[in-house]
Structures are given as C-alpha cells and as structure tokens.
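Enquirer: any chance you can model this:
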Amino acid sequence: MWSWFRIHKKEKKKIHNFLENGALLVEESITSEKRHFLENGGLLLEELITSFNGRSNPIRSFSKKELKRATDNYNQDGFLHQGWYKGTYEDRVILVKKIRQYPPSQEYIGQCIKDVVVASQMSNHKNVLKPLGCCLETEIPLLVCEFAARGSLSDYMYEEEIGPSYLSWESRLRIATEIADAVTYLHNGTSKSIIHRAINCRNILLDEHYVAKLSNFGHSISIPLGETHVDADLSTFYTGSVAPESKRIRRFTEKTDVYSFGAVLFEILTGKRVSNILKEVYSVLAEKRCQLLNCKFLMIEDNEEDIRVYLKANIITGNTEQLMACAELAIRCVKVNPEERPSMMEVAKELRRITRFQ
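Expert: A predicted model of the protein is given here:
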C-alpha cells in the first residue's frame, strides 16, 4: 500500500498520455471534476476502497456536489478551525477539511491522499480520527472524517485562554495517555513502523466526551523493513516540537515522535505553548550565563536540571505526585540523544502507571 505514494508521477504520466491521445475526449467531454479526480490519484483511491472489501473501516469517494450540499456551500457558520467545516451527510454529522492553497502543489495533494490512507490503516484504534473518505473532484482534495465536537486540544490548553472550558489535570493526563496509546499503535500496528512527524496539540482533536483523536497523517512516513530510520525532508513543523536530529540531519525514527510527544507533555503540564516555554527557559539561562541563548530545542546538553526547576515552578494545579512523575517522563522524552528517550510503548505504560497514583 505504501508504494502507492511513490508511483504518483507514473500514474500522472499515464493519465496525461490517455488524455493526450484524445481517447477520452472522443467519447465524452472531460469535466473539471473528472480531470481533478484523475490527477489527484482517483484511480489509486478506488484501489484502496476496493482493497478494504467491506472489512475494517471502509472509506468512500464523495462527489463535489455531495460535500457542497453537506456543508451548505461551506457556510462560515460551520467553519470550525484549521480548514475544518461541520457538515451533515445522510443524517450523520461529519467534518470536511477544505484547505485553500494556491497554486496547489503536488506535495500537498500527496499529503491529502496519504492522510486518508494512513488514517484508514489506523482507524480501528479508538483514539485515531476516523476517515470516512475524500473528494478528489476538486483542485485540492477534500478530506471527510468523523465529527470531533470539541475541536482541537489547543483550544483548551493555554493559560492565556483560561475559562470554563480549561481542562483539569485529570482530563489532561487521560488525554495524554490516549494519545500515547494511539502513537504506540502507529509505531507497532503494521508491518512497517509509521512515524507521524507532526504530533502537537493542534493535531489532537476531541470528541463530545473529550476523548482524544490523533489526526493529520499527511506528513507521516514509514520506516522501510529492516531499517531503523528514514531520511526525509523536514517540511513544515512547529517550533520546539522537532527533535534535534530531525532538524539537523533530516533523520526520522520512532524516537522523533517521542520527542514531539514530550513537547506536548510540556504544554499539558504547564498550560504554556512550547514557543513561550523556550523563551522563558532560555532567557533565564542567558541571565545566569551572561550570554544570549536562542535555542529551538527544549533540552541542550547541560540544562536538564534547569528544565526540571522550570517545570516544578510552572506546573498547573493538580495531584502533585502525578504531576512530578509526568514532568520526569517529559524530560526523558526530549533528551538530546534519541537513544536515551523511551519508546512510545514505554511512555504509554508509564502514563497508565502514573494515572493509578492517589
């Protein structure tokens, strides 16, 4: 299935030649919807749909008209966040992701298709946002997923946005455990380990009961069988959530996701954005060392104790034993040396152990 991502150019050439010789044009006029469907990998999607053969969580191909009707022509009243629109299809509430990127790049279109394919592979897990399908009749593919009524975790996390919806420590710990389980499944649920590469609070959605749903698999990448890492472009990531080895030499392993998850734990523990944590930590260090530090990583070789002191002074209110144990886990996750970081399976196991603290 993963080879599909690598034959997009060949598929596109085949389609171009088919259109070029006029065979299709003779039989019927080509609509823009049909052309976009072919260019966006519609044939590959049909293969994917067929491959499920009614098993697991089958996905479907939506038409442009169906989604326009479902979202009331993408009415702004239904706009939620990050390009997601609320819609109703066959009496079911759905999410439709409509991103405006012009001109649309083949890389982005490939990410949309990959999002559907990877999420479909992972859809049996209760903490993965389930894809229902996509529409390839538009210039940029539209993604259709189950509805996540509460939106993004980032909407409930940060101290500057404290209000009635601000999450308690108990809810934060539960959500962290759920996402750790989902990432563990991503790493171990198929023959090839899949690296998410974009784990952050914006890509964690919440259903009506605040159950966490990992989303946005467009940047994900698989590690070839027999290998321990893969080298790839960095693409677009958030400051502070990228592992040092990925930033410096473009190397990705399972421990890359562990680092990003550690950054999420820092935000969960403090109610602060990683970008703000970096500013606060390194401004203090700069004063102590009488020099300017501008670091993009949570941990540098000799500042572990400084990070520990910062967390102890800035953690939110809650069960102190749980908070401090989780702080130690977060520090382990963002170690500079990836070999010193725990696996996601170990992280999930430790979080469940912490949950049992009274």
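Enquirer: can you tell me the SS state at Cys134?
Expert: strand (DSSP: H, G, I helix; E, B strand; the rest coil).
Enquirer: got a list of what it touches?
Expert: Leu45, Ile59, Ser61, Phe62, Cys112, Ile113, Val116, Pro141, Leu142, Leu143, Val144 (Cβ atoms under 8 Å, 6 or more residues apart in numbering). Backbone N, C-alpha and C define where each C-beta goes, glycine included.
Enquirer: quick check: closest non-adjacent residue to the fourth one.
Expert: Beyond its immediate neighbours in the sequence, the residue positioned closest to Phe62 (Cβ to Cβ, 6 or more residues apart in numbering) is Cys135, lying 4.4 Å away.
Enquirer: repeat that for the last one.
Expert: Distance criterion Cβ to Cβ, 6+ apart; nearest residue to Val144, sequence neighbours excluded, is Leu132 at 4.6 Å.
Enquirer: the fifth one too?
Expert: Nearest in space to Cys112, with sequence neighbours left out and distances taken as Cβ to Cβ, 6+ apart, is Pro141 at 4.0 Å.
Enquirer: just give the number of residues close to the one you found.
Expert: 27 (other Cβ atoms under 10 Å).
Enquirer: the one 10 residues further on now?
Expert: Gly151 has 16 neighbouring residues, counting by other Cβ under 10 Å.
Enquirer: that one pairs with what?
Expert: Leu206 (DSSP bridges).
Enquirer: how close does it sit to Cys326?
Expert: In this view, Gly151 and Cys326 are 24 Å apart by Cβ to Cβ, to the nearest Å.
Enquirer: please apply the same query to Pro141.
Expert: Counting by Cβ to Cβ - Pro141 and Cys326 are separated by 38 Å.
Enquirer: do the same with Asp115
Expert: Taken as Cβ to Cβ, the span from Asp115 to Cys326 is 30 Å.
Enquirer: who has more neighbours, those two?
Expert: Neighbour tally, Asp115 and Cys326, criterion other Cβ under 10 Å: the higher count belongs to Cys326, 26 against 23.
Enquirer: just curious, which of the contacts of Cys134 is nearest to Gly87?
Expert: Val144 (8.2 Å; Cβ to Cβ).
Enquirer: contacting residues for the closest one?
Expert: Val144 touches Phe62, Leu67, Tyr89, Ile94, Leu95, Val96, Lys97, Pro131, Leu132, Gly133, Cys134, Cys135, counting by Cβ under 8 Å, 6+ apart.
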